[in-house]
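*Asks:* Sequence first, then the predicted structure, then my questions.
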Amino acid sequence: MKTALVISAIALMGLSAHAQKDQPSAKDKAWVAINTQMLNVELGLNDTQQAKLKDINERFVTKHEGLENSVPKLAESQMADKVEALMKERDAELRAVFNDEQYAKWEKKRHMGTSELRDDQKEKMKK
């Protein structure tokens, strides 16, 4: 009887740990909240756009965490390719949510970060 209880407890702990891996981390949840609010302020999103943006961001971080936690671990080049595909998917979804002016502002802001990198940092990102 004790053995059955111990085995059940271990199995439940394993299921709990697996369920937690499928959920975005606290850091990712914070990123979703901050990114959604920041874009709301910068782009002047309406309530519907905010809700859609939050949903897109939540799905993006969940998929990204899935890639990071994949077993076996992905090689860096595979991970980069998959993240790039995720970003393209997210971009297409955002294009459908933002109006033309908002999208143009977002696209300019999105590319701004990488243009300020040193050449060696840009090269590292390509690998």
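*Replies:* It's in.
*Asks:* Please make it C-alpha for all contacts and neighbour counts, starting now.
*Replies:* Fine.
*Asks:* Low-confidence ranges, this protein, go.
*Replies:* In the predicted model of the chain, residues 1-22, 112-127 satisfy pLDDT under 70.
*Asks:* so where do the strands sit in it?
*Replies:* With DSSP state E as the criterion, the chain has no strands.
*Asks:* can you give me the helices for it?
*Replies:* 2-21, 26-43, 47-68, 76-97, 100-115, 119-126 (DSSP state H).
*Asks:* Just the buried residues of the fifth one, please?
*Replies:* Applying a neighbour-count criterion of 16 or more other CA atoms under 10 Å, one finds 102-103, 106 buried in helix 100-115.
*Asks:* With stretch 33-42 instead?
*Replies:* Buried residues in stretch 33-42 (16+ other CA under 10 Å): 36-37, 39-40.
*Asks:* Using PDB, write down the CA coordinates of that stretch.
*Replies:* The C-alpha coordinates for stretch 33-42 follow below in PDB (Å, rounded to 0.1, in the frame of the first residue of the first chain):
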ATOM      1  CA  ALA A  33       2.300  42.300 -20.100                       C
ATOM      2  CA  ILE A  34       5.000  44.800 -20.700                       C
ATOM      3  CA  ASN A  35       5.100  44.300 -24.500                       C
ATOM      4  CA  THR A  36       1.300  44.600 -24.800                       C
ATOM      5  CA  GLN A  37       1.200  47.800 -22.700                       C
ATOM      6  CA  MET A  38       4.200  49.300 -24.400                       C
ATOM      7  CA  LEU A  39       2.700  48.800 -27.900                       C
ATOM      8  CA  ASN A  40      -0.700  50.000 -26.700                       C
ATOM      9  CA  VAL A  41       0.900  53.300 -25.700                       C
ATOM     10  CA  GLU A  42       3.200  53.600 -28.700                       C
END
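*Asks:* How about residues contacting it?
*Replies:* 45-46, 50, 53-54, 57, 106 (CA atoms under 8 Å, 6 or more residues apart in numbering).
*Asks:* Just the buried ones among those, please.
*Replies:* 45, 50, 53-54, 57, 106.
*Asks:* Kindly reformat those as CSV containing distance to Lys27.
*Replies:* Output for these, formatted as CSV (distance: CA to CA, whole Å):
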residue, distance to Lys27
Leu45, 24
Gln50, 20
Leu53, 18
Lys54, 15
Asn57, 13
Trp106, 22
